[in-house]
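**Q** make a model of this:
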Amino acid sequence: MSLKNLSNQEFETRLHQLVKQERQILHLVLVHIAEADRRKLYLKRNRSSLFEYLVKDFGYSESAANRRIQAARLSVSVPALPEKIKSGQITLTQVGELARALKQVKAVTSEQKQNLVEQISGQTTAKTQQLIAKELDTELRPAEKTQVQKDESVSVQITMTQAQYAKLLKAKDLTAAQLMKQGKSPALADVMEVALDEAIEKRTKVTAAAAAVVATPTKSVTPKLRKQILQRDQKCQVCSSTFNLHIDHIKPKWAGGDNSPGNLRVLCAAHNQSRYRQQAGLS
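**A** Sure, this is the predicted structure:
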């Protein structure tokens, strides 16, 4: 039947039914995502994260995947949340606002989260922001916005605290000379790139060193050999991730494996940890 042939009453009745069904399906999707997260199915599908799993294996957009992950994970500590989403009392946009605020606070009890969910039920996005900021004593900040430009650059709009902005300006002063030598102007984007490169390099070294201490109680992989394996593989040999890379022994050292290049490979932190748990019988 064509929609044009329906009366207004018939049309609205059908629309109400479809919206109800949509919320019921969303409720089930969130429950399933939470279970997939608990089982870490993304690792078994060679994905480095639940986010990548939803985007690449289920076709979600990045923003849609992020909103559903936030809701699914929050529902673990607030079991009533999926039902409230199902009934339409709370939207994924509200969940996103709550998730962002919770990241700013060091410790929030399950009871506080449950109270917040009750408070924001049935409220507008603006009222939700206000209630959350008041309850958690956080600053009321607009959501971050990103937009891809015609030349594939990305415009990012964020709101910083005064202290955060002061740190950014200090970083600009400290990196100005380095940027000038590279023929760049000390624009904030270039300053952030330098800072991020240094942070990633430092964090990668720290995590790799920690993993080496745990995984190789005897003779460890030398820095020179590690660099050689990283240059050879360049990415996780399971999921192709290039973030937080570790050196893994294909044949574990406790089973007689050595540090020869043929017995070494690059894995991301998630798959390295997953393989260790499997070998130790923890999963």
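
**Q** what domains does the record give for this protein?
**A** Here the domain parsing of the chain from automatic domain parsing is 3-145, 216-279.

**Q** tabulate those domains (CSV), appending mean neighbour count and mean pLDDT.
**A** (Glycine included, C-beta is placed from N, CA and C.) Formatted as CSV, the domains of the chain follow (neighbours: other Cβ atoms under 10 Å; pLDDT from 0 to 100):
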stretch, mean neighbour count, mean pLDDT
domain 3-145, 16, 89
domain 216-279, 16, 83
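
**Q** what's the closest non-adjacent residue to the residue positioned nearest the centre of the chain?
**A** The structure's the chain has its C-alpha centroid closest to Phe51; by Cα atoms, centre = their mean the separation is 6.3 Å. Leaving aside its sequence neighbours, Phe51 sits nearest to Ala65 (Cβ to Cβ, 6 or more residues apart in numbering; 5.6 Å).

**Q** contacts only, for the one you found.
**A** Phe51, Leu54, Val55, Phe58 (Cβ atoms under 8 Å, 6 or more residues apart in numbering).

**Q** ok, now with 7 Å
**A** Residues in contact with Ala65 (Cβ atoms under 7 Å, 6 or more residues apart in numbering) are Phe51, Leu54, Val55.

**Q** nearest to Gln130 among the residues you listed?
**A** Phe51 (28.9 Å; Cβ to Cβ).

**Q** thought that closest one was touching Gln70?
**A** No: counting by Cβ atoms under 7 Å, Phe51 does not reach Gln70; the two are 10.5 Å apart.

**Q** make JSON lines out of the domains of the chain and add distance to Thr175.
**A** Converted to JSON lines, these look like this (distance: least, Cβ to Cβ, whole Å):
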{"stretch": "domain 3-145", "distance to Thr175": "23"}
{"stretch": "domain 216-279", "distance to Thr175": "23"}
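
**Q** ok but Val266 is inside a strand, no?
**A** Yes: assignment of Val266 by DSSP: H, G, I helix; E, B strand; the rest coil places it within a strand.

**Q** over to Pro252: give its phi and psi.
**A** phi -50, psi 150 (degrees, to the nearest 10).

**Q** could you check the distance from it over to Gln278?
**A** Using Cβ to Cβ, to the nearest Å, Pro252 is found at 11 Å from Gln278.

**Q** skip the chain neighbours and tell me the closest residue to His132.
**A** Let me fix one detail, which is that residue 132 is Ile and not His. Ala101 (4.6 Å).

**Q** distance of that neighbour from Gln231?
**A** 42 Å.

**Q** the residue nearest to Phe51 and Arg275, how far apart?
**A** Distance from Ala65 to Arg275, by Cβ to Cβ: 25 Å.
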